[in-house]
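K.L.:
I'll drop the sequence and a predicted model, then ask my questions.
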Amino acid sequence: MSSNLVGYLSTSRGLALNDLLRFKFQLAKAVQLKIADYWQQAFAASYQTFLFGRRAEVTTDFVNGGRIEVRRQRV
């Protein structure tokens, strides 16, 4: 857990250090979920920008257009 987070929670939010230690696993899980949520939001936004942004270039070609690749799985 980051010392910045502990400092913020203890000073700004007024949580005692012993309370933070008691709930450290729940706190760590909540932080991990929040980071994953932010990552997913950033990924979705960048994907949309990549596809539909101002500088996105859409091109079509017929190179390998009729080619079908068959891959067999090894047993």
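P.N.:
Perfect, thanks for sending it.
K.L.:
centroid-nearest residue for the protein?
P.N.:
residue 39 (2.1 Å; C-alpha atoms, centre = their mean).
K.L.:
buried ones in the strand or helix carrying that residue?
P.N.:
Using DSSP states H and E, residue 39 maps to helix 24-52. Neighbour counts over helix 24-52 (16 or more other C-beta atoms under 10 Å) mark residue 27 as buried. Heads up, the C-betas are built off the backbone N, CA and C, glycines and all.
K.L.:
I'd like the average pLDDT over that helix.
P.N.:
Mean pLDDT, helix 24-52: 87.
K.L.:
residue 12 and residue 20, how far apart?
P.N.:
Distance, residue 12 to residue 20, using C-beta to C-beta, to the nearest Å: 13 Å.
K.L.:
of the two, which one has the most company?
P.N.:
For residue 12 versus residue 20, neighbours defined as other C-beta atoms under 10 Å are more numerous around residue 20 (16 against 8).
K.L.:
quick one, what contacts the more buried one?
P.N.:
By C-beta atoms under 8 Å, 6 or more residues apart in numbering, residue 20 lies in contact with 6, 9, 10, 27.
K.L.:
remind me which helix or strand it belongs to.
P.N.:
Residue 20 belongs to helix 17-22, assigned by DSSP H and E.
K.L.:
give me phi/psi at residue 53?
P.N.:
phi -70, psi 170 (degrees, to the nearest 10).
K.L.:
for it, the count of nearby residues, please.
P.N.:
By other C-beta under 10 Å, the residues close to residue 53 number 10.
K.L.:
cool, thanks, signing off.
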